[in-house]
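Chemist: return a 3D structure for these sequence lines:
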Amino acid sequence: MAAAAALEAAAPTGALWGLVHDFVMGQQEGPADQVAADVKSGNYTVLQVVEALGSSLENPEPRTRARGIQLLSQVLLHCHTLLLEKEVVHLILFYENRLKDHHLVIPSVLQGLKALSLCVALPPGLAVSVLKAIFQEVHVQSLPQVDRHTVYNIITNFMRTREEELKSLGADFTFGFIQVMDGEKDPRNLLVAFRIVHDLISRDYSLGPFVEELFEVTSCYFPIDFTPPPNDPHGIQREDLILSLRAVLASTPRFAEFLLPLLIEKVDSEVLSAKLDSLQTLNACCAVYGQKELKDFLPSLWASIRRESSQRRTILEMLLGFLKLQQKWTSEDKDQRPLNAFKDQLCSLVFMAVTDPSTQLQLVGIRTLTVLGAQPDLLSSEDLELAVGHLYRLSFLEEDSQSCRVAALEASGTLAALYPVAFSSHLVPKLAEELRVGESNLTKGDEPTQCSRHLCCLQALSAVSTHPSIVKETLPLLLQHLWQVNRGNMVAQSSDVIAVCQSLKQMAEKCQQDPESCWYFHQTAIPCLLALAVQASMPEKEPSVLKKVLLEDEVLAAMVSVIGTATTHLSPELAAQSVTHIVPLFLDGKVSFLPENSFPSRFQPFQDDASGQRRLIALLMAFVCSLPRNVEIPQLNQLMRELLELSCCHSCPFSSTAAAKCFAGLLNKHPAGQQLDEFLQLAVDKVEAGLGSGPCRSQAFTLLLWVTKALVLRYHPLSSCLTARLMDLLNDPELGPAAADGFSLLMSDCTDVLTRAGHAEVRIMFRQRFFTDNVPALVQGFHAAPQDVKPNYLKGLSHVLNRLPKPVLLPELPTLLSLLLEALSCPDCVVQLSTLSCLQPLLLEAPQVMSLHVDTLVTKFLNLSSSPSMAVRIAALQCMHALTRLPTPVLLPYKPQVIRALAKPLDDKKRLVRKEAVSARGEWFLLGSPGS
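Modeler: Below you'll find the predicted structure:
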């Protein structure tokens, strides 16, 4: 009662006094929140709160002092951003002094210091002052868990905002923290403490002479032995502690002399979890430890690892880390490389892994073998022969081991570049024999399993072609294989030839890195492919089915990719040599540079009666459209006129399209000037003549499309006129739908012509410019068009918007969204899919605008989720999923309807549709629930 009387006599009156009295003397908790709210709103200042607390802060009764300081601390936690610098100084001095107070007061004092550690207005030097006071006055480990956690938070806050000040303490700060942490047992606190230790090391705080002490205070928890209690509200898992401690132990090489003996001891432990944790920690250490740290411990470490058999994958991953680390060491003396002493055991372990039935162990073994081979002197000639044998076997694994097969092919390529002699001696002959056996099986028409091995062999041949000397062996093997097809010695389908071409393309890509290999591939493969194609195109009394395989669309397309890839990286000088042979071949029939060039008749692909030969214009296109821009093309004027004439020939659409693309590719690269203007005028005249009535309208349209694209990419002034002509065709009854699809071509990247890789002139913002110049006209045309033509405009607009960078589209969305929604009602599946693909990212990036149309969106998406097209159903369900990103209050009225409607696609006959339905319906179920 005496304390209450003293408080009433000394304290000011009023509402604030009443709140303070209720908290301090009435033991009520609510007033603290009210006082804090009043200070935040400006009704009181912190100084007035201190005055209202008055003598309770100096009351002789510890519990009363504690309640007074508790109230002040709670107010500061809410209002620390309002404090002025001079107020912070006085409060810090007050709280530091109270650290010497009774133990009942300390928790509230720490809460106040935690609030002050968050102050922006904290003057320099006070962070150091506070921590010194805590280190000196507080025995942290005697405090309850929550108060120890508060100390860790104070330290964390100061490390985040006052790093330079704390570093001025030097090693005293490290020593002080060691005293704070020593003996900590609570997992909640340990997670914070481990993070502080990691920051001490990673941010270069001074450890001084306390490296071993810091190691001891953390390593005493290794290995982590913690089982979370059932229904633990904090959710801390054993794995969280393991990873946090591992990050500390592996953070500095200065721990190596203490940590490595500990890990070696634990690797030999009988406890499986300790063994695994030790190996994984060793693996983590590989990223930071150096030669000096590891060298002395490797013998005993290796002895422990060799005795371990149950954790082979972890051991291999650790060894992989060691090997990668050793790659960084620059010691000239091979005897100074620590792992060299154990190379025989290393190889044995790796070879054991790649023969293990476990796919995961094989994968790690293949990766380790690759890094092992990259080290000098670790693989002997016998080891290399064994390694090549294993890679050969792994390259022919069945479908269910696809990941290992791909890894083995990649490893073969990496190691072949380092050891070309070994691979030439031990792998290439095996692959050559495998290819011969495959040819024999194809001749007999054997079962699919043999065909699968044949395909694997082709892939292995291209994968291993990473060194010039190997390319000179593998390329002739693949080309000879194609000649076997042409001579009719094999029962070959188009897929067989395409597989060879794909391998040739991959080989060409690898050769691009080396100018010598690139030129060798080009001058060897291109004449051979051209000779094969020319031979196959020659007229015969009895046409051979086998030869005609080489003239199929898909096969010629595969050859196009090989020729283009083999040409793009040629130097201008070498390309100029090649062009003097290839262009005259097509214009004048000069076949002398081709191998086996004794053909039964003349090669004249541009003549009217040579329909088979015309198809080879695609190969000419692949070559001339991949040349560097500064390479002069001989007989260009004649070539352009021939291409223009062929482009409007209706008897062979494949040839006419190839000619149009070739013409467009050359136009795009041609320098501005009179000759370009003449070519363009010829093209415009040809297009207009063809677009009239007659059998060539479709071919004339294709020419218009490709010429327009060539000019759009380079910002040529004529492109706007040609685009306007294309828009006019949207109203054409015959060509309208094709014209709409043409906008997709104009906005897309091509793979065979008009590519940046093929040296085409492609301006970086061409899509944005096309959008700005043409979308207003498309919208205007849509509104003016008859009802039966409107879908063409919608399709064209949808294609443009779908391929436009979203940041460009977002500002225009309000004006265009109504048209996009109308496009969803178009019966054309292509329009629906294109529009859905356009809308999905907009739902994520512009939710406020899309929210205005939520009723229409829900209705249309649900309708399209029952579309006959699987792709449309999937896209509609993905949009239904994306709808959940819109504001929840907007969506909640539709939740019951959507959940009922999405039950139907759960039973869709297609698994991919069911998967999207489950995902979308799950998100709608969670809509509006707590935490969603």
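Chemist: can we go C-alpha only for contacts and neighbour counts from here?
Modeler: Will do.
Chemist: do I have it right that residue 167 meets residue 203?
Modeler: No: Residue 167 is beyond contact range of residue 203, at 9.8 Å (criterion: CA atoms under 8 Å).
Chemist: please say which of these two ends up with more neighbours.
Modeler: Taking other CA atoms under 10 Å, residue 167 and residue 203 do not tie; residue 167 has more neighbours (19 against 12).
Chemist: and the more buried one, what does it touch?
Modeler: When contacts are counted by CA atoms under 8 Å, 6 or more residues apart in numbering, residue 167 is found next to 173, 205-206.
Chemist: all the helices of the stretch 701-850 of the chain, residue numbers only.
Modeler: Under the criterion DSSP state H, counting those that start in this stretch, the stretch 701-850 of the chain contains helices at 718-728, 736-747, 766-784, 790-802, 806-809, 813-823, 829-845, 847-851.
Chemist: go on, the stretch 251-400 of the chain?
Modeler: Taking DSSP H, counting those that start in this stretch as the criterion, the stretch 251-400 of the chain carries its helices at 256-267, 272-285, 291-295, 298-307, 312-328, 343-354, 359-373, 381-394.
Chemist: deepest of those, which one?
Modeler: Among the helices of the stretch 251-400 of the chain, helix 359-373 has the highest mean neighbour count (mean count of other CA atoms under 10 Å), at a mean of 23.
Chemist: can you tell me which helices and strands that one packs against?
Modeler: helix 312-328, helix 343-354, helix 402-418 (3 or more CA pairs under 8 Å, 6 or more residues apart in numbering; DSSP states H and E).
Chemist: any idea which of the helices of the stretch 701-850 of the chain is most buried?
Modeler: Ranked by average neighbour count under the criterion mean count of other CA under 10 Å, the helices of the stretch 701-850 of the chain are headed by helix 790-802 at a mean of 26.
Chemist: any idea which of the helices and strands packed on helix 359-373 gets closest to residue 709?
Modeler: Checking the helices and strands packed on helix 359-373 against residue 709 by CA to CA gives helix 402-418 as the closest, at 37.7 Å.
Chemist: need the contact list for residue 750.
Modeler: For residue 750, no residue meets the contact criterion (CA under 8 Å, 6+ apart).
Chemist: for residue 554, see how far away it is.
Modeler: Taking CA to CA, to the nearest Å as the measure, residue 750 and residue 554 are separated by 16 Å.
Chemist: ok, now residue 902?
Modeler: 40 Å.
Chemist: the more surrounded of the two?
Modeler: Comparing residue 902 with residue 554 by neighbour count (other CA under 10 Å), the higher total belongs to residue 902, at 22 against 15.
Chemist: phi, psi for that one please.
Modeler: In terms of degrees, to the nearest 10, the main-chain angles of residue 902 are phi -80, psi 0.
Chemist: what sits against it?
Modeler: 862, 917, 920-921.
Chemist: ok, so of these, who is nearest residue 404?
Modeler: residue 917 (33.0 Å).
Chemist: host element of the closest one?
Modeler: Per DSSP states H and E: residue 917 is located in helix 911-926.
Chemist: what packs against that helix?
Modeler: Checked by 3+ CA pairs under 8 Å, 6+ apart, helix 911-926 has helix 870-883, helix 895-901 packed alongside it.
Chemist: what's the most buried one of those helices?
Modeler: Greatest average neighbour count among these goes to helix 870-883 (a mean of 24), per mean count of other CA under 10 Å.
Chemist: got a list of contacts for the helix or strand residue 680 falls within?
Modeler: Assigned by DSSP H and E, residue 680 belongs to helix 674-691. For helix 674-691, contacts defined as CA under 8 Å, 6+ apart pick out 640, 644, 648, 667, 670, 696-701, 703-704, 707.
Chemist: follow-up on the earlier one: nearest to residue 692, of the contacts of residue 902?
Modeler: For the contacts of residue 902, the minimum distance to residue 692 (CA to CA) is 43.6 Å, reached by residue 862.
Chemist: my guess is that closest one meets residue 874, correct?
Modeler: No: at 11.2 Å, residue 862 does not count as touching residue 874 under the criterion of CA under 8 Å.
Chemist: how far away is residue 644 from residue 663?
Modeler: Going from residue 644 to residue 663 by CA to CA gives 7 Å.
Chemist: next: residue 554.
Modeler: If you measure residue 554 against residue 663 using CA to CA, the figure is 21 Å.
Chemist: show me where pLDDT drops low in the stretch 201-350 of the chain?
Modeler: For the stretch 201-350 of the chain, residues meeting the criterion pLDDT under 70 lie at 290-291, 294-296, 298, 301-312, 318, 321-322, 325-341.
Chemist: how close does residue 535 sit to residue 601?
Modeler: According to CA to CA, residue 535 and residue 601 sit 10 Å apart.
Chemist: ok, the two, which is more surrounded?
Modeler: residue 535 (22 against 10).
Chemist: just checking, residue 740 touches residue 790?
Modeler: No: if you go by CA under 8 Å, residue 740 and residue 790 don't touch, sitting 10.5 Å apart.
Chemist: just to revisit the earlier point, can you put the helices of the stretch 701-850 of the chain in TSV and add mean pLDDT and distance to residue 510?
Modeler: Formatted as TSV, the helices of the stretch 701-850 of the chain follow (pLDDT from 0 to 100; distance: least, CA to CA, whole Å):
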stretch	mean pLDDT	distance to residue 510
helix 718-728	93	37
helix 736-747	92	30
helix 766-784	90	31
helix 790-802	87	34
helix 806-809	82	35
helix 813-823	84	44
helix 829-845	86	35
helix 847-851	86	46
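Chemist: nearest to residue 430, of those helices?
Modeler: Distance to residue 430, taken as CA to CA, is lowest for helix 736-747 among these, at 45.1 Å.
Chemist: so what pLDDT did residue 119 get?
Modeler: For residue 119, the pLDDT comes out at 92.
Chemist: for it, what are its contacts?
Modeler: Residue 119 neighbours (CA under 8 Å, 6+ apart): 80-81, 83, 88.
Chemist: how about the contacts of helix 674-691 in CSV, adding pLDDT, neighbour count and secondary structure?
Modeler: As requested, these are arranged in CSV below (pLDDT from 0 to 100; neighbours: other CA atoms under 10 Å; DSSP: H, G, I helix; E, B strand; the rest coil):
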residue, pLDDT, neighbour count, secondary structure
640, 95, 21, helix
644, 94, 24, helix
648, 88, 28, coil
667, 95, 23, helix
670, 94, 17, coil
696, 87, 20, coil
697, 90, 21, helix
698, 92, 19, helix
699, 93, 24, helix
700, 93, 27, helix
701, 94, 22, helix
703, 95, 28, helix
704, 95, 26, helix
707, 96, 26, helix
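Chemist: out of these, which comes closest to residue 572?
Modeler: residue 670 (15.6 Å).
Chemist: could I get the longest helix along the chain in CSV with only the CA atoms?
Modeler: Criterion DSSP state H: the longest helix present in the chain is helix 515-537. Below are the C-alpha coordinates for helix 515-537, written out as CSV (Å, rounded to 0.1, in the frame of the first residue of the first chain):
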residue,chain,number,x,y,z
PRO,A,515,37.4,-22.5,-87.1
GLU,A,516,39.4,-25.5,-88.5
SER,A,517,36.7,-28.0,-87.6
CYS,A,518,34.0,-25.7,-88.9
TRP,A,519,35.6,-25.4,-92.3
TYR,A,520,36.4,-29.1,-92.5
PHE,A,521,32.8,-29.9,-91.7
HIS,A,522,31.5,-27.4,-94.2
GLN,A,523,33.7,-28.5,-97.1
THR,A,524,33.2,-32.2,-96.4
ALA,A,525,29.5,-32.4,-95.4
ILE,A,526,27.8,-29.8,-97.6
PRO,A,527,29.1,-31.1,-101.0
CYS,A,528,28.2,-34.7,-99.9
LEU,A,529,24.6,-33.7,-98.8
LEU,A,530,24.2,-31.8,-102.1
ALA,A,531,25.5,-34.7,-104.1
LEU,A,532,23.1,-37.1,-102.4
ALA,A,533,20.2,-34.8,-103.0
VAL,A,534,21.1,-34.1,-106.6
GLN,A,535,21.5,-37.8,-107.2
ALA,A,536,18.1,-38.5,-105.6
SER,A,537,16.5,-35.8,-107.7
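Chemist: great, nothing more from me.
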